[in-house]
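Visitor: take a look and give me a structure for this.
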Amino acid sequence: MPKIVMVINNRSTKTQNLIEAFENGGYDKITASNTAETLNKCLEFHPNLVLMDVDMPIKDGYSLSKELKKSPDTKDIKVIIIKSKNSPLDKTWATIKGSDFYFSTTNPFKEDSLIESITTLH
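Guide: Below you'll find the predicted structure:
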């Protein structure tokens, strides 16, 4: 089974670095630009995980995470919330809304350790 990551982001440099880390880790990448497109592509491609920013058009990442986890067709997809803040409140909120992992882009990261951490979600 191919490893597929779906990326929904605002194209910031830090988020782009995360995308490259997944590609270097052997993941295929698909992208979406809004909530409807994300839901449709999740049903079509069955990604292993969804990597999303909180600030997105139409619906924020927290709401989309909750929606993905409620649907029987997408509930098993791992969701990673990305935010530029490293606040305990933001991490708690992401967990409440169903995300499997919260990643702050304020901290430097090593590609190998990021991919290793994410593979434990499978």
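
Visitor: could I get the full set of strands for the chain?
Guide: In the chain, the segments counted as strands under DSSP state E are 4-8, 28-31, 49-53, 78-83, 101-104.

Visitor: can you lay out these as JSON lines showing distance to residue 94 and mean pLDDT?
Guide: For every residue, glycine as well, the C-beta is placed using N, CA and C. As requested, these are arranged in JSON lines below (distance: least, CB to CB, whole Å; pLDDT from 0 to 100):
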{"stretch": "strand 4-8", "distance to residue 94": "14", "mean pLDDT": "87"}
{"stretch": "strand 28-31", "distance to residue 94": "21", "mean pLDDT": "88"}
{"stretch": "strand 49-53", "distance to residue 94": "10", "mean pLDDT": "86"}
{"stretch": "strand 78-83", "distance to residue 94": "4", "mean pLDDT": "86"}
{"stretch": "strand 101-104", "distance to residue 94": "4", "mean pLDDT": "81"}
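
Visitor: and those strands, which is most packed in?
Guide: strand 49-53 (a mean of 25; mean count of other CB atoms under 10 Å).

Visitor: what would the strands of the chain look like in TSV with distance to residue 65?
Guide: Putting the strands of the chain into TSV (distance: least, CB to CB, whole Å) gives the following:
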stretch	distance to residue 65
strand 4-8	11
strand 28-31	17
strand 49-53	7
strand 78-83	5
strand 101-104	10
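
Visitor: quick one: contacts for the residue most central in space within the chain?
Guide: When the chain is reduced to its mean C-alpha position, the nearest residue by CA atoms, centre = their mean turns out to be residue 51, at 1.5 Å. Taking CB atoms under 8 Å, 6 or more residues apart in numbering, we find residue 51 in contact with 5-9, 18-19, 22, 80, 82.
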